[in-house]
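Asks: model the following, please.
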Amino acid sequence: RVTAAADAPPSSQPVAAATQAAAGQFLVDWLAQQPALATVRAVGHRVVFGGAAHQAPEVVTPALLADLRQLIAYDPDHLPAEIALIEAFAARYPRLRQVACFDTAFHQHMPRVAQQLPLPRRFEARGLRRYGFHGLSYSYLLEELARQAGPAAAQGRVILAHLGSGASLAAVRGGQSQDTSMGFTPAAGLVMGTRPGDLDPGVAAYFMQQERLTASQLNNLINHESGLLGVSETSADMQDLLAAQATDARAAEAVELFCYQARKWVGAYAAVLGGLDTLVFSGGIGAHAAEVRARICAGLEFLGLELDAAHNATHAAVISGAGSRVVVRVIPTDEERLMAGLVAAHLT
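Replies: Numbers count the residues shown, from 1 in each chain. Down below sits the predicted model:
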């Protein structure tokens, strides 16, 4: 799916690629056929995990790639494919500058108490702490909130809810992340499409001891077989589950679990922030599933939150009622636009 200009509709075509590497190669080959490639000066890459050392966007160098390879054990689901795509572009288009944009950067200044994992300190020295993710999305949402509602709103007590197949929430005050639901890996926090979110560590021990799962098998179960897919046993897609919930109790339970946990995180982060001024819904679910937004907000009236049902049904920019003390907004995220700005800053 390609968006060539802001004022032009996107184009799309099917791609027969069985693996991410094959899809990446298709992209590299497809770009070679585009006349516009001659005007391109740089490539931006969303890199999910940069560890403690890599937070601000960086021009890709051999040293950076070496560091990222050392971090693969911390993020085996994302980093290998991201590194492979960077290398594919470097081999085919060596003249292009490549810039890595890190998803963890937004949360780098979280208070130490929000970063710590309650483990023996020797593990913290090895880099085990809560990093947080979806940072590129959160950076865009905060910028867009300031544009739509003014700088004061973006500096207030804000909860950003990026709800999609990967889902997380962030508590923001004074324009800085105070806490976020994802932690050391993107598998933590809220239940997601195929990830369980927060899980009793004893469950992992049970799987390894009783089911004899290897570390690789456990990682696959946690990241690809759990969450909404595991509970419903049919789909990781919220749209499918909403359509089936009236006749399928498993689908109904998956939807209810998602809404319950998201509501619980909103309440927790209102406590972290000492109140709530703005709640922003985004991501594929947050921006498009009115029923899910309504079910998350139901029960949050104690915060002074009142939803306008008609505005919510039409995905209006503001879906809270006129008398609501909390402004509830729907802002579609645009990580690509944010990354374009970050990459452009490295070209001046």
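Asks: which residues does Ser282 bridge with?
Replies: His162 (DSSP bridges).
Asks: OK, contacts around the nearest residue to His288 once chain neighbours are set aside?
Replies: Residue nearest to His288 in three dimensions, not counting chain neighbours: His315, with 6.8 Å by Cβ to Cβ, 6 or more residues apart in numbering. Using the backbone N, CA and C atoms, a C-beta is placed for each residue, glycine as well. Residues in contact with His315 (Cβ atoms under 8 Å, 6 or more residues apart in numbering) are 287-288, 290, 330.
Asks: in strands, which of these fall?
Replies: Val330 (DSSP state E).
Asks: so Val292 sits in a strand?
Replies: No - Val292: not assigned to a strand; according to DSSP: H, G, I helix; E, B strand; the rest coil it is helix.
Asks: burial count for it?
Replies: Counted with other Cβ atoms under 10 Å, the neighbours of Val292 add up to 20.
Asks: same deal with Glu336?
Replies: So Glu336, with other Cβ under 10 Å, has 12 neighbours.
Asks: distance of it relative to Arg1?
Replies: 11 Å (Cβ to Cβ, to the nearest Å).
Asks: next: Ala38.
Replies: 22 Å.
Asks: just checking, Gly227 touches Asp198?
Replies: No - checked against Cβ atoms under 8 Å, the pair Gly227 and Asp198 is beyond contact range at 11.7 Å.
Asks: quick one, which of the two is more surrounded?
Replies: Gly227 (26 against 15).
Asks: any idea how far Val280 is from Pro332?
Replies: Distance from Pro332 to Val280, by Cβ to Cβ: 11 Å.
Asks: actually Arg157, not the one I typed
Replies: For Arg157, the distance to Val280 - Cβ to Cβ - is 12 Å.
Asks: and for Arg250?
Replies: Taken as Cβ to Cβ, the span from Arg250 to Val280 is 30 Å.
Asks: next one: Val172
Replies: Look at Val172 and Val280: by Cβ to Cβ, they are 9 Å apart.
Asks: got any residues that touch both of these two?
Replies: 158-160.
Asks: could you list the domains of this structure?
Replies: With domains defined by the TED database, the chain comprises 20-102, 135-197+228-335.
Asks: these: which one's closest to Leu128?
Replies: Nearest to Leu128 among the domains of the chain is domain 135-197+228-335 (6.1 Å), distances taken as Cβ to Cβ.
Asks: could you list every residue that touches the spatially most central residue of the chain?
Replies: The chain has His134 as the residue nearest its centroid, 3.3 Å off, counting by Cα atoms, centre = their mean. Listed by Cβ under 8 Å, 6+ apart, the contact partners of His134 are 103, 106, 162, 166, 168, 170, 180, 182.
Asks: swap in Met339?
Replies: Met339 neighbours (Cβ under 8 Å, 6+ apart): 44, 46, 101, 136.
Asks: how about Gln98?
Replies: Counting by Cβ under 8 Å, 6+ apart, Gln98 has contacts 42-45, 59-60, 86, 89-90.
Asks: let's see 6 Å
Replies: 43, 60, 86 (Cβ atoms under 6 Å, 6 or more residues apart in numbering).
Asks: next one: Asp75
Replies: Neighbours of Asp75 in contact, by Cβ under 6 Å, 6+ apart: 48-49.
Asks: ramachandran angles for it?
Replies: phi -150, psi 70 (degrees, to the nearest 10).
Asks: circling back to that earlier point, and which of the contacts of His134 is nearest to Leu27?
Replies: Using Cβ to Cβ, the contacts of His134 come closest to Leu27 at Asp103, 19.9 Å.
Asks: give me the number of residues near that closest one?
Replies: By other Cβ under 10 Å, the residues close to Asp103 number 25.
Asks: next: Ser324.
Replies: 19.
Asks: again with the one 3 residues further on
Replies: Other residues within reach of Val327 by the criterion other Cβ under 10 Å amount to 19.
Asks: Gln98 versus Thr61, what's the distance?
Replies: Distance from Thr61 to Gln98, by Cβ to Cβ: 9 Å.
Asks: before we move on, what about Arg46?
Replies: Counting by Cβ to Cβ, the gap from Arg46 to Gln98 is 12 Å.
Asks: ok, Leu85 next?
Replies: 10 Å.
Asks: do His288 as well
Replies: Using Cβ to Cβ, we find His288 at a distance of 32 Å from Gln98.
Asks: for the stretch 151-300 of the chain, what spans make up the helices?
Replies: 151-154, 201-210, 215-224, 227-232, 238-244, 249-273, 283-288, 290-297 (DSSP state H, counting those that start in this stretch).
Asks: out of those, which gets nearest to Pro94?
Replies: Closest among those, using Cβ to Cβ: helix 215-224, at 33.7 Å.
Asks: mind giving me the packing neighbours of that closest one?
Replies: Packing contacts for helix 215-224, counted by 3 or more Cβ pairs under 6 Å, 6 or more residues apart in numbering; DSSP states H and E, involve no helix or strand.
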